[in-house]
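>>> Test case, fold it:
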Amino acid sequence: MLNKSVFDFLLELRENNNRDWFHANKKMYETAKKDFQLFVELSIEQIKTFDPSVSGSNAKDCLFRIFRDVRFSEDKRPYKTNFGAFIAQNGRKSRYGGYYIHIEPEQCFLGGGCYMPASNVLKAIRNEIFHHPEEFKEIIENAEFKKHFPELYGEKLKTAPKGFPKDFEHIDLLNYKHYAVSKMIDDQTVNSDQFVKEIDNSFKALYPLNRFLNEIVQDL
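Here you go, the predicted model:
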């Protein structure tokens, strides 16, 4: 189970998102971070059983920093109110498809795939789908996949991406800006022993999409 310290800290931080409180409660933060990191380590071991590409990952490299970059934001709160980890080959900065765990009271979710891929990666993914649309459709229309992830995440282009014919039969598959998915998880599940099972079932369903994406990325 996810340790209760993680939710307890995030709830407190949400009400006290300032540097004075954070520094006064740094031990609480360090405990929560350590417990989340341990949970991610165990999740990596879980994912390795069906996706060997994450075998070289370690939790420390997968965790996102809690400190916000406020230089160009009107929101000057110094800290994120969540813990997040992207489990993939090369960790959170990876260009590979992976598995994302987001812990935030009332806004927890699981997700993955390729979110905000670099332009060359995005073009390569679209090109592969253009040449093999049925293979891609078989993945995203699979019943188990759709049970967890009914649709791909994010906005789409309003017209065909540059370099692809507008009359392509499956042009809608090429218009995505991300090839990623997500699903909300209620707090009760996250704070129970059912969360581990939810991660296992969701990420097993996600694996074929990541495998498809990563076979593209590894050739770039």
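>>> give the contact list for I47.
54, 87, 99, 203 (CB atoms under 8 Å, 6 or more residues apart in numbering). Heads up, the C-betas are built off the backbone N, CA and C, glycines and all.
>>> out of those, which are inside strands?
If you go by DSSP state E, the contacts of I47 have 87, 99 in strands.
>>> quick one: which of the contacts of I47 is nearest to N25?
I87 (27.7 Å; CB to CB).
>>> Quick check: closest non-adjacent residue to that closest one.
Excluding the flanking residues, the one nearest I87 by CB to CB, 6 or more residues apart in numbering is Y99, at 4.5 Å.
>>> same question, S55
Nearest to S55 is K48, by CB to CB, 6+ apart, at 5.3 Å.
>>> Same question for E106.
Among residues not flanking E106 along the chain, D187 sits closest, at 6.3 Å (CB to CB, 6+ apart).
>>> Where does the prediction get shaky in this protein?
Counting by pLDDT under 70, the chain contains no low-confidence residues.
>>> again, only this time at 90
Across the chain, the ranges flagged by pLDDT under 90 are 56, 69-75, 153-155, 219-220.
>>> which stretches of it form strands?
Under DSSP E, the chain gives strands at 83-87, 98-103, 109-114, 179-184.
>>> The second one: partners in the sheet, and parallel or antiparallel?
Meaning strand 98-103. Strand pairing for strand 98-103, determined by DSSP bridges: strand 83-87 (antiparallel), strand 109-114 (antiparallel).
>>> Distance from that strand to the middle of the chain?
4 Å (CA atoms, centre = their mean, to the nearest Å).
>>> List the buried residues for it?
Neighbour-count burial for strand 98-103, counted by 16 or more other CB atoms under 10 Å, picks out 98-103.
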